[in-house]
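**Student:** sequence and predicted structure, then a few things I'm wondering about:
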Amino acid sequence: MSEFYERRKLSCREDVTLALAIFMVFLDFVNSIVHNSDTQFRTSVFALLVLLFALSVRKFYPNPSKKMWPWVSPVYDNGVMIIVAVFFLFHVTLLNVPILNVDLYNVYENGDIIGHSLGGLMMWTIFAKIALEYSRINNKGWSAKKIVKYSMLALFVIGILWEFIELAASLTILPHVDEPISNKIRDVLMEFIGAGLMAVAVLKIKYPFDLGKWE
């Protein structure tokens, strides 16, 4: 077992929570088949593949090198993976809410606010974990303030890039995804709100990792 992996002890409670979240995503997959929801089916399959791939990395790459550790460290942190699984759980569920059998993103005009807020929260957590471990491994001594700054910058770049990808898709293969510029600005803003709330929570309770002192 890698010394880097051992720095983060995995608790039984976290294992159970992660397994439950993945199971709930699987139930959404079953729900998509029962109700013939193509969008939920595709998204749930993608979510399950991502989560199973992450767990497979743990299994088949138990000793990440020092050079690779910062970039793969989120996969080895149950707290981070729980957040990823919960994001997928909410995102997939809202595409076809059980019992109601409705796509909340289409029924509710501002339904994607939830998805983008959770998406920003999740991506910031991943970026912050990478920045934290990169600082540790390379003896950078980054403060919590610097890690938050770098992770927010990474989120901004990814958020803008994603909106450009959506724009390109709306002009080609996915014409129904067409959104006004105001909607795209709101999406990026909601991602930062979600990330900001998560940053405050991590600094406050030091979970799923401790960012250190704010300097």
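**Tutor:** Happy to help now that I have it.
**Student:** Provide a list of residues in contact with the residue most central in space within the chain.
**Tutor:** Nearest to the mean C-alpha position of the chain, by C-alpha atoms, centre = their mean, lies Met122 at 3.3 Å. Contacts for Met122 (C-beta atoms under 8 Å, 6 or more residues apart in numbering) come out as Ile83, Val84, Phe87. C-beta here means a position set from N, CA and C on the backbone, and glycine is covered the same way.
**Student:** pLDDT of the helix or strand where Arg13 lies, averaged?
**Tutor:** Using DSSP states H and E, Arg13 sits in helix 12-34. Average pLDDT, helix 12-34: 88.
**Student:** give me the contacts around the next helix or strand after that helix.
**Tutor:** Counting by DSSP H and E, the next helix or strand C-terminal to helix 12-34 is helix 38-60. Residues outside helix 38-60 that contact it (C-beta under 8 Å, 6+ apart): 22, 25-26, 28-29, 31-33, 72, 75-76, 81, 84-85, 88, 91-92, 95-96, 103.
**Student:** drop anything exposed from the residues you listed.
**Tutor:** Listed as buried from those are 22, 25, 28-29, 31-32, 72, 75-76, 81, 84-85, 88, 91-92, 95-96, 103; burial here means 16 or more other C-beta atoms under 10 Å.
**Student:** picking up where we left off before, could the contacts of Met122 be laid out in a markdown table, adding secondary structure and pLDDT?
**Tutor:** What follows is the contacts of Met122, written out as a markdown table (DSSP: H, G, I helix; E, B strand; the rest coil; pLDDT from 0 to 100):
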| residue | secondary structure | pLDDT |
| --- | --- | --- |
| Ile83 | helix | 94 |
| Val84 | helix | 94 |
| Phe87 | helix | 93 |
